[in-house]
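Visitor: can't give you the sequence, but here's the structure:
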């Protein structure tokens, strides 16, 4: 036993580089697993020897949880900082706070004394650029000045972002989720999760989101969290030396990323499980939970949204939904599926064009052009000028009595003396009709511009734009159904559940369902999508509508093509990715199918019995295979193992070096 | 291909009984898996033949979701009915509603006009037994009459329950979770999940919970849900003919059971994953979610708690927790671990005594005796008289301004003019001190009586009694810390976070943490416990205290013995159970360890080349092994398969029958 133990020690970590992989190679999961079992066994047997070794064993067992804690803390902190910075810089495009320039509009007016309801957005400390520069807040010239500065700030942010990405960290662009899926499935992309990528992605994410481009920060936050995971796992030899174990940490980090992106810890774990992970044992599930909870808790302590809620879009609806409403919900599901298909086809076509034509040579120019178009078209329409997450939040909202939004401009019955919470359906006012037009324009604009935005050389997430598209369509459908129900109480479809003077239709719920449908159409998530949506909004009652829309959307989109946007981008980039969810039901044996082609040399193998070092060197020189099967002998070709080319080269080099040393 | 296809068809389902297992045998997971793959492949290839087959294929693919839907609906409905019935029968022990005898106390007084705050429990329609029978509500004789009737009702309920279990469904006793764990790990116990068990367990569960015994309905609800799962899976050949697939359905049903028991759909899935399941693929995870959500939604529609919330113990605390409080939380964790160990040791010792001595011959008498003692001791103390879940709810509650409970009898500062929500720490009044004494007595009583209750021949769950023990201990610790902090603001441990006049300590939170600790000590759950606790109470902020207590409790309890209560009962009953979470790190090969003992006959095998039917029959007759390895020949003993004894017998019998048929 001790002899074989020594041999094993020798074989385990003989040279510094053995056991690592080359860039753009795929790891050997089984080998990593067995190496970890060996390591574990060694620690267990050693821990009986002395107290110190026992403590070392305990520390090793706990290091997984420590890594999770650290990932959660850092990911939560980064997400909080990004949120605060985005808030400030988005407002910087419109004006500045006189009392402290680092305050966002909202923070600036918190301390203001004029906090009556109408003036909450107009406090003297917050000045629009036109007020500050030419001392005018109204009129055409002020509008043009503000417009100009809005576009200029957007261009500045976008230019900074794309330059930083190009110069310091080319891997920081995109959403990162396709690459993370590939990495988690066992591929090696060095530097993709490095410290520079982390730093640059965090900074540029703030810049691009603030610039008002049609993109979100959710996908990139997953990449940022995975960079944190990679950083912390490099501190512990258990993870840094084992690519398999490292991927367990990364899976958990992805969960933490979604957890802070949406304030949805459970949805984050399920997203990691359903969407990005490849190998996800039970232990990783618990650790992911822990990391996601710590991250959510950290973000909540920072409290970037200022309302002590974790969720972005907290909604509270006052009415239940009715069975008859399932029909428009399913229609929204169909819309989501169609939009998903359209988006994926067009976006992939455009990205392919970028790769193959000279368009790809001018990434800075492309970003500048798209930003300019976005800013110029977005400013005049209030629904595109505000940040996309504010837009979604407004669309999700139910119209309470105190709501001042244009979307809630209904004609009130003057005789109404009802409690504030329970407002019946009312006829739409002028504001609502204006809002419908503006929303329709915004919808078309978002649909078009997002296709061109996703895939540029800047960090860009898809979740928020997809949800915005769905929320806009949903809200419009919702208002339509509401007005139909109000004006046609006697129609047979409304008669059973919608009496005059009742509050039957909640347009905000339609927006929520639409958002889920569009997100589902693009990403093809199902259960994790529904969980994220209800953690995002806090309503367990709406699971059936959400599920109906998500499933319909997936069906419709799958009918046109099985690939979600992430798989499509993986294929576009040519990464070797084998989906763990694909089912293979072949029954043919490999021996029946595989035969050496005629006229070709026989299989290059290592034999156990009679190979000299020279033979091995010749084999390595003459072939360019990545590894060689080891067989008993040329006569009896029974497989006993597999040796990688890289490891053979390392072993021979090291052997020669040590034998030279012995000679002198 | 077609030839082998036919052969495969022939081999697949040749005789009705092949592929099923005998009672108290273990299933072959790999075989079940490969049979399902075959079935799947057959359906896929057939679905290309005709539209009808294609539709059949679609229906087959969707049958899993349909089963989940049905399980969710039935489990939710049963849970709702049980809750309503328990409510009514618990109140029946004290009195009756005059307007409608099927109303519980609360329902009876809803319609009452005297709904002022003080009189909400005293409405004329609800009459205590003494009021109804002798027209007196006060005085010693009324008290004694009420006491007597309380005990008599309890005895009646318990007697009915134990008789029903004995006569109709002996498997309906206990919590059922140890057996379900065993079944899910691949063991066959016929009838354990049958229709009779379902019916009797549902009825007797209502009876025993109403009788006031120290037990909960949560564990048995998991059993009930699994019975539903078994029932519905027997309707679909995909599940009824494949024991492996059936277990996937049962795992999901267990999740639905916990989901309705605690109103915690996500906690339910995690409980199924962490605690009971053995084989839990990703697909099952999604289905479990769906079943759990449908069940929760159904229960919510029935709305048994009358507050449109799904959760049993919804709490809202007004203050955060402080780092220094982690110390008492960890102390509660230690208490939970110790109580868990004590409970498991004593309960197992008592159950072993029941099995080995004549005590086990009189189960009815035992139940009657324990019920009598419980009822007699419980009535005088208000904390044991009320139902255990009400007790937990009261202990978890924060003392608001409107709270009339004895536990909230603090001395108010008459000059205080604060808002209702923000009540500072106050000195305890007489009521609190009385409550402390009563709680201490109730704690001792609960600890002792639960040991004797769990394991009797009635349905009995452990979750609620464990949580009650922890909540009582926690509340007492919480009140202690609160009073310490109030009277000693200047102590160094309080100085930093607890100023005079501030609301720093929430005793309800301590009760919650204590409940988690005790539940963790008994069951050794960790993550699912924390998720259940926060779904149960609705507070994401308290994850850190809950986690700290749960982890401490698990550590302390594990130090005294690795087995949780369910594993202990599995071993006590001698079920063959191999925990999927155990890690085996042996490296020795089986060939090095296993050698035929001298003087024994050689291994009984089937050979592929030269065995006649007679040889096989002789082999079956002469040995009593459960199955035989199939080898190439006696000379080259290369293993090519394994044949089960039962299947051999069936195959030979069927072969003889068909050859006889052919002869005539």
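Guide: It's in. Please read these numbers as outputs of a predicted model, since none were measured by experiment.
Visitor: Tell me where the model's unsure across the stretch 251-400 of chain A.
Guide: By pLDDT under 70, the low-scoring segments of the stretch 251-400 of chain A are A:303-312, A:318, A:400.
Visitor: per-residue confidence at the residue most central in space within chain A?
Guide: For chain A, the residue nearest the mean C-alpha position is residue A:219 (2.3 Å; Cα atoms, centre = their mean). In this prediction, residue A:219 carries a pLDDT score of 90.
Visitor: what sits against it?
Guide: A:175-177, A:261, A:460-463 (Cβ atoms under 8 Å, 6 or more residues apart in numbering or on different chains). All C-beta atoms are positioned from the backbone trio N, CA, C, and that covers glycine.
Visitor: Any buried residues in the strand or helix carrying it, and which?
Guide: Residue A:219 belongs to helix A:218-233 when assigned by DSSP states H and E. Within helix A:218-233, the residues scored as buried using 16 or more other Cβ atoms under 10 Å in any protein chain shown are A:218-233.
Visitor: for stretch A:370-387, same thing?
Guide: Residues A:370-371, A:374-375, A:378-379, A:382-387 are the ones in stretch A:370-387 that count as buried (16+ other Cβ under 10 Å).
Visitor: about what we covered before: and the contacts of whichever helix or strand comes after the helix holding residue A:219?
Guide: Moving toward the C-terminus from helix A:218-233, the next helix or strand (DSSP H and E) is helix A:237-240. With Cβ under 8 Å, 6+ apart as the contact definition, helix A:237-240 has outside contacts at A:39, A:60, A:63-64, A:67, A:233-234, A:245-246, A:249.
Visitor: if we go to 10 Å?
Guide: A:20, A:36, A:39-40, A:43, A:59-61, A:63-64, A:67, A:229-230, A:232-234, A:245-250 (Cβ atoms under 10 Å, 6 or more residues apart in numbering or on different chains).
Visitor: Please list which of those are also close to chain B.
Guide: Applying Cβ under 10 Å from any Cβ of the partner chain to the contacts of helix A:237-240, one finds that residue A:40 fall near chain B.
Visitor: Just the buried residues from the contacts of helix A:237-240, in PyMOL please.
Guide: The PyMOL selection below is limited to those of the contacts of helix A:237-240 classed as buried (16+ other Cβ under 10 Å):
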select buried, chain A and resi 20+36+39+40+43+60+63+64+67+229+230+232+233+234+245+246+247+248+249+250
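Visitor: Just the contacts of helix A:237-240: which are in helices?
Guide: Among the contacts of helix A:237-240, the ones falling in helices (DSSP state H) are A:36, A:39-40, A:43, A:59-61, A:63-64, A:67, A:229-230, A:232-233, A:245-250.
Visitor: OK, contacts around the nearest residue to residue A:322 once chain neighbours are set aside?
Guide: Excluding the flanking residues, the one nearest residue A:322 by Cβ to Cβ, 6 or more residues apart in numbering or on different chains is residue A:497, at 4.3 Å. When contacts are counted by Cβ under 10 Å, 6+ apart, residue A:497 touches A:320-325, A:485, A:504-505.
Visitor: sorry, back to before: tell me the one among the buried residues of stretch A:370-387 nearest to chain B.
Guide: Set against chain B, the nearest of the buried residues of stretch A:370-387 by Cβ to the nearest Cβ is residue A:387 (25.4 Å).
Visitor: Just confirm that closest one contacts residue A:88, I think it does.
Guide: No. Using Cβ atoms under 10 Å, residue A:387 is not in contact with residue A:88; the gap is 11.9 Å.
Visitor: shared neighbours of the two, anything?
Guide: residue A:210.
Visitor: and the contacts of residue A:219, which are buried?
Guide: For the contacts of residue A:219, a burial check counting by 16+ other Cβ under 10 Å picks out A:175-177, A:261, A:460-463.
Visitor: could those residues go into CSV alongside secondary structure and distance to residue B:527?
Guide: Compiled in CSV, these are given as follows (DSSP: H, G, I helix; E, B strand; the rest coil; distance: Cβ to Cβ, whole Å):
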residue, secondary structure, distance to residue B:527
A:175, coil, 29
A:176, coil, 27
A:177, helix, 25
A:261, helix, 22
A:460, coil, 34
A:461, strand, 29
A:462, coil, 30
A:463, helix, 26
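Visitor: which two from those end up farthest apart in space?
Guide: Farthest pair in the buried ones among the contacts of residue A:219 (Cβ to Cβ) is A:261 and A:460. Separation: 13.7 Å.
Visitor: hey, what's in contact with both of those two?
Guide: With Cβ under 10 Å, 6+ apart as the test, residue A:261 and residue A:460 both reach A:216-217, A:219-220.
Visitor: Quick one: neighbours of the residue nearest to residue A:243 when sequence neighbours are not counted, just the number.
Guide: Nearest non-adjacent residue to residue A:243, counting by Cβ to Cβ, 6+ apart: residue A:27, 4.5 Å away. Neighbourhood size, residue A:27 [other Cβ atoms under 10 Å in any protein chain shown]: 19.
Visitor: How about the contacts made by residue A:27?
Guide: With contacts defined as Cβ under 10 Å, 6+ apart, the neighbours of residue A:27 are A:20-21, A:183, A:185-188, A:242-244, A:246-247.
Visitor: Repeat that for residue A:20.
Guide: A:27, A:188, A:240-243, A:646-647, A:650.
Visitor: Sitting in helices, which of those residues do you find?
Guide: Using DSSP H, the contacts of residue A:20 in helices are A:240, A:243, A:646-647, A:650.
Visitor: Most neighbours among the residues you listed, which one?
Guide: Counting by other Cβ under 10 Å, top hit in the ones in helices among the contacts of residue A:20: residue A:243 with 21 neighbours.
Visitor: how close does that residue get to residue A:183?
Guide: Here the criterion is Cβ to Cβ, to the nearest Å. By it, residue A:243 lies 10 Å from residue A:183.
Visitor: which residues of chain A fall in strands?
Guide: A:95-97, A:126-128, A:606-607, A:627-631, A:639-644 (DSSP state E).
Visitor: Give me the angle between the fourth one and strand A:639-644.
Guide: The reference is to strand A:627-631. 160 degrees (axes from the mean of the first three to the mean of the last three Cα atoms, to 10 degrees).
Visitor: List the buried residues in strand A:627-631.
Guide: Neighbour counts over strand A:627-631 (16+ other Cβ under 10 Å) mark A:628-631 as buried.
Visitor: In JSON lines: these, plus distance to residue B:335.
Guide: Shown next, in JSON lines, are the buried residues of strand A:627-631 (distance: Cβ to Cβ, whole Å):
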{"residue": "A:628", "distance to residue B:335": "61"}
{"residue": "A:629", "distance to residue B:335": "59"}
{"residue": "A:630", "distance to residue B:335": "58"}
{"residue": "A:631", "distance to residue B:335": "62"}
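Visitor: Cross-check those residues against chain B and keep the overlap.
Guide: Within the buried residues of strand A:627-631, nothing lies near chain B by Cβ under 10 Å from any Cβ.
Visitor: Quick check, the residue in the stretch 251-400 of chain A closest to chain B?
Guide: Closest point on the stretch 251-400 of chain A to chain B, by Cβ to the nearest Cβ, is residue A:286, at 4.8 Å.
Visitor: That residue: neighbour count?
Guide: Other residues near residue A:286 come to 21 when the count uses other Cβ under 10 Å.
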